[in-house]
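Visitor: Sequence below, structure please.
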Amino acid sequence: MSAAALDIRDLCAGYHGSEALKGVSFSVNPGDYIGVCGPNGSGKSTLVKVILGLLPPTHGEVSLFGTPQANFKTWQRIGYLPQGLQFFNPHFPATVDEVVRLGRLAGKGFPKRFTREDALAVERTMEWMGISQIKGCMIGELSGGLRQRVLLARALVNDPELLVLDEPTTALDPETRESFYQLIFEMNRERKATVLLVTHDTATIGKFASHLLYLDKQVIFYGSFDDFCNSTEMTGFFGAHGQHLVCHRH
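Guide: Coordinates of the predicted model:
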């Protein structure tokens, strides 16, 4: 059996002495699509930072593809789309093509040379994302939905095995949001990429993700959406109405 894409054991983390995550443990199998939900201040973005090595844990262990994080070197196997599209600088002087190319340079040592293989990967990814026709456009001139597609293409250009998305739909309108979720769903299904998607949108994510991880500084629930919907314990925690909002998936 292949190693877990992500394995977290008894993780604690925080900032300036305050605890944002406490005793968090869960494991993600290759090909899973995990929706990470929870209230504001529940530790969702802290979890992402710890997984990506941007914040050291105060306690516990993180393994990526069977390798302890401290020894993990092949970061190009992980695609990352950060939150904060609403803070994007519209005057950033780069074309769509240049932004997507940046994703190929991430895993290279110096000197960072752009090869024919890189060019083909960029071309292929832009085509798959439906943005080839705008490759010469400045990224700052695009709508929020198109811009998010370009930034996703940058995260996908290395064909990552694990894709981490931190609240990627915050600045999108409802229609664009739905098509973005559909796109990630297809990528998970067709490319077999493992997906960890942080969202406030519990009512929508249930249509697409295979599992729900509900955080509130610790793991409140982790399992399939069916298990969540049939859990009397979760009915007690959320109330029947709150549980129904997450479970109304069709």
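
Visitor: where along this structure do the helices fall?
Guide: Along the chain, counting by DSSP state H, helices occupy 44-51, 96-105, 116-128, 144-156, 174-191, 202-205, 225-229, 232-247.

Visitor: S63 and G223: what is the separation?
Guide: 20 Å (CB to CB, to the nearest Å). (C-beta placed from N, C-alpha, C; glycine too.)

Visitor: Output the helix or strand bottoming out on mean pLDDT in the chain as PDB, nothing but the C-alphas.
Guide: Lowest on mean pLDDT, DSSP states H and E among the helices and strands of the chain sits helix 202-205, with a mean of 79. The C-alpha trace of helix 202-205 is given here as PDB (Å, rounded to 0.1, in the frame of the first residue of the first chain):
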ATOM      1  CA  THR A 202     -19.500  24.200   3.700                       C
ATOM      2  CA  ALA A 203     -22.800  24.200   1.700                       C
ATOM      3  CA  THR A 204     -21.000  24.000  -1.600                       C
ATOM      4  CA  ILE A 205     -17.900  21.900  -0.800                       C
END
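
Visitor: neighbouring contacts of it?
Guide: G35, C37, R177, E178, Y181, L197, T199, L212, L245, V246, H248 (CB atoms under 8 Å, 6 or more residues apart in numbering).

Visitor: List the buried residues in that helix.
Guide: Judged by neighbour count using 16 or more other CB atoms under 10 Å, the buried positions of helix 202-205 are T202, T204, I205.

Visitor: What's the separation between the first one and G35?
Guide: Read that as T202. 8 Å.

Visitor: shared neighbours of the two, anything?
Guide: Common neighbours of T202 and G35 (CB under 8 Å, 6+ apart) are L212.

Visitor: ok so, going back, using ChimeraX, define a selection of the buried residues within the contacts of helix 202-205.
Guide: Of those, the buried ones go into a single ChimeraX selection, burial set by 16+ other CB under 10 Å:
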select :35,37,177,181,197,199,212,246
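
Visitor: returning to what we had before: give me the more crowded residue out of S63 and G223.
Guide: Using other CB atoms under 10 Å as the criterion, S63 and G223 rank with S63 on top: 19 against 15.

Visitor: so that one bridges to which residues?
Guide: D7, P68 (DSSP bridges).

Visitor: so who does it touch?
Guide: A3, A4, L6, D7, I8, Q69.

Visitor: before we move on, the earlier item: closest one of the buried residues of helix 202-205 to N188?
Guide: For the buried residues of helix 202-205, the residue nearest N188 by CB to CB is I205; the value is 12.3 Å.
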